[in-house]
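**Q** Next come a sequence and a model predicted from it.
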Amino acid sequence: MGKVGKHSLSHTSKLQKPSQVPTFTTVSKSKRNPQTPTFTTVLKGKRNPKTPTFTTVSKNKRNSKIPTFTTVPKNKRRSQIPTFTTVPKSKHNPKTPTFTTVSRSNHNPKAPTHATVSRSKRHSKRKTSSIHHSQLIIGGIAVLIVMVLILVTGIAIGIGIGANQEKETKSAPLPQTRSEAEAALRKVSNKPTNATDDAGFLAYKKNQRNPKAPTVEVYTDFLCPYCGDVTRALIPTLEKLQNAKQINLEFHTVNVYDTPSTDRYSTRAANAVAYVSEHDPDHVTALVGALFDKGFQPDAIHYKDVSDKDIVKQAIKAGVNNKVAENAVKAPYADFISKATLYDTMRKELFTEMNGNKGFFPPTIRINGKISELNTSDNDGKIVVRFTGNLGLTPLDAGNPAIMPSIGGDPSVGSLQVAKPNV
């Protein structure tokens, strides 16, 4: 080869900046830095096939799967990045692991790819392996002991729960018939004073009942999505009708949807309504509306806990007295609500059809004991027109005490009027 002088690579890719291209300088042997790696030009025919070959590849032709090695000045190296140094064979430290480059074709498929192997197959590897093996055995025994403890504890808890359930079942078996369910409801000691015999919570004081107005019963669950749709549509109209004494309104708040919640939300919300019905009945309808508010009603499928404080805030927002709102979430009517729900599920007069099945499906609205056939898929306007039409009114009549529903207040006289909504 000809004599090589100081030079830099002149055939640079357009995508590479000059500062990113390494410069190779010819240095006399006496001035070489022993810590700097030396690159030797070897003719192709004299190359050692076992020695790795480094090839300069332009940036745009690089294989992303092949690791890139970058030369970094010593003063700019990061302490957290390991440094690999070329050490002569005679100066190898036998305690330091050696990394060997193996061609892909010679890889042992059973050997790990990134394995740290000592140069002389030291006995220290076997020692380390024995230590790891001992640690694994000890760890396995510890895990086994913990699992046994969990299993024993679980069995003990299960036996305790099973015994309690068996005791409760023996002392108070679940009612199997309507008459049994009704009898169980009558036996509940803590009952709201402003409730009907069928466990409806009045939206007015008992002594303010209008005998000439029809009775409207709203059966609803505060976690039921369909109940939310219908109630949100009707609440403004129901409030107007009740305030004008055009109807006698009562809410039957059930806990059918307690199971999807993690904190018995349906029961707790119904409990609050029962208490407010006793102590501030004029705000019951507004409270029901606030609990069904679209921004507040919980999602039954992706339920997130609702605190008592959240219920109190909604009650105050509905106009309930602060003290009444705070006491409402502490009311002792949970058992009454559960017994009333069970009773409602056995009352055939409340049964409707859904997907070919007949049963008690909230929301259910009755006018003078007759079910108002409302379609939950209707828009709010249609729902209001159908409901007021069943009363013998128009939506504009709601709130006008001079116009009474034509259906009247006697359940034995007349039938629901059929409205044909044109909206």
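**A** Cool, the structure landed.
**Q** for the strand or helix carrying Ala290, packing partners?
**A** For Ala290, the host element (DSSP states H and E) is helix 284-291. If contacts are counted by 3 or more Cβ pairs under 8 Å, 6 or more residues apart in numbering; DSSP states H and E, helix 284-291 sits against helix 225-243, strand 248-253, helix 265-279, helix 308-317. Backbone N, C-alpha and C define where each C-beta goes, glycine included.
**Q** Contact partners for Ile247?
**A** Counting by Cβ atoms under 8 Å, 6 or more residues apart in numbering, Ile247 makes contact with Ala213, Pro214, Thr215, Val216, Leu238, Leu241, Leu391, Pro405.
**Q** again, 6 Å this time
**A** Residues in contact with Ile247, defined by Cβ atoms under 6 Å, 6 or more residues apart in numbering, are Ala213, Pro214, Val216, Leu241.
**Q** pLDDT wise, what is it at?
**A** At Ile247, the model reports a pLDDT of 97.
**Q** just so I have it, where are all the strands in the stretch 101-250 of the chain?
**A** 201-202, 215-220, 248-253 (DSSP state E, counting those that start in this stretch).
**Q** contacting residues around the last one?
**A** Strand 248-253 is touched from outside by 200-203, 209, 213, 215-219, 238, 242, 270, 273, 288, with contacts defined as Cβ under 6 Å, 6+ apart.
**Q** Of the residues you listed, which is the nearest to Asp282?
**A** Distances from Asp282 to those, taken as Cβ to Cβ, are shortest for Ala203 (8.0 Å).
**Q** what number of residues lie near that closest one?
**A** By the measure other Cβ atoms under 10 Å, the count of residues near Ala203 is 28.
**Q** so it makes contact with Val284?
**A** Yes: if you go by Cβ atoms under 6 Å, Ala203 and Val284 touch, sitting 4.3 Å apart.
**Q** quick one, which of the helices and strands packed on helix 284-291 is nearest to Ser412?
**A** strand 248-253 (15.7 Å).
**Q** Only alpha carbons, please: show that closest one as PDB.
**A** This file holds the C-alpha atoms of strand 248-253, laid out as PDB (Å, rounded to 0.1, in the frame of the first residue of the first chain):
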ATOM      1  CA  ASN A 248    -100.700  12.800  45.300                       C
ATOM      2  CA  LEU A 249     -97.100  11.700  44.600                       C
ATOM      3  CA  GLU A 250     -95.200   8.900  46.300                       C
ATOM      4  CA  PHE A 251     -91.800   7.300  45.600                       C
ATOM      5  CA  HIS A 252     -91.100   3.600  46.100                       C
ATOM      6  CA  THR A 253     -87.300   3.600  46.100                       C
END
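**Q** in it, what counts as buried?
**A** Residues of strand 248-253 classed as buried: Asn248, Leu249, Glu250, Phe251, His252, Thr253 (neighbour count, 16 or more other Cβ atoms under 10 Å).
**Q** in its sheet, what does it sit against?
**A** The pairing partners recorded for strand 248-253 under DSSP bridges are strand 201-202 (antiparallel), strand 215-220 (parallel).
**Q** What's the mean pLDDT across the first one?
**A** For strand 201-202, mean pLDDT is 97.
**Q** ok, now the longest one?
**A** When pLDDT is averaged along strand 215-220, the result is 98.
**Q** how many degrees apart are it and helix 265-279 in direction?
**A** 150 degrees (axes from the mean of the first three to the mean of the last three Cα atoms, to 10 degrees).
**Q** From the rest of the structure, what touches strand 215-220?
**A** Under the criterion Cβ under 6 Å, 6+ apart, residues 200, 227, 231, 247-252, 362-368 lie in contact with strand 215-220.
**Q** Give me the below-cutoff pLDDT ranges for the protein.
**A** Along the chain, the parts satisfying pLDDT under 70 run over 1-47, 49-172, 413-415, 417-423.
**Q** All the helices of it, residue numbers only.
**A** 123-171, 178-186, 225-243, 265-279, 284-291, 308-317, 322-328, 334-344, 380-391 (DSSP state H).
**Q** In TSV: the buried residues of strand 248-253, plus distance to Gln297.
**A** What follows is the buried residues of strand 248-253, written out as TSV (distance: Cβ to Cβ, whole Å):
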residue	distance to Gln297
Asn248	26
Leu249	20
Glu250	21
Phe251	15
His252	18
Thr253	13
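**Q** from those, which single one is nearest Asp308?
**A** Within the buried residues of strand 248-253, proximity to Asp308 (Cβ to Cβ) peaks at Thr253, which comes in at 16.3 Å.
**Q** Leu393 versus the closest one, what's the distance?
**A** Computed with Cβ to Cβ, to the nearest Å, the distance linking Thr253 and Leu393 is 25 Å.
**Q** And for Thr376?
**A** 21 Å.
**Q** out of these two, which sits in the more crowded spot?
**A** Taking other Cβ under 10 Å, Thr376 and Leu393 do not tie; Leu393 has more neighbours (23 against 15).
**Q** can you pull the contacts of the more buried one?
**A** Neighbours of Leu393 in contact, by Cβ under 6 Å, 6+ apart: Pro405.
**Q** now do 7 Å
**A** Leu393 is in contact with Ile403, Pro405, counting by Cβ atoms under 7 Å, 6 or more residues apart in numbering.
**Q** and the gap between it and Asn190?
**A** Here the criterion is Cβ to Cβ. By it, Leu393 lies 38 Å from Asn190.
**Q** any chance of the contacts of Ile247 in CSV, plus distance to Gly295 and neighbour count?
**A** Output for those, formatted as CSV (distance: Cβ to Cβ, whole Å; neighbours: other Cβ atoms under 10 Å):
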residue, distance to Gly295, neighbour count
Ala213, 33, 23
Pro214, 32, 28
Val216, 26, 25
Leu241, 25, 28
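**Q** now, among these, which is nearest to Glu182?
**A** Distances from Glu182 to these, taken by Cβ to Cβ, are shortest for Val216, at 22.2 Å.
**Q** From Phe361, how far out is the nearest residue to Phe360 once chain neighbours are set aside?
**A** Nearest residue to Phe360, sequence neighbours excluded (Cβ to Cβ, 6 or more residues apart in numbering): Thr345, at 4.7 Å. Noted for Thr345: a distance of 10 Å to Phe361, by Cβ to Cβ.
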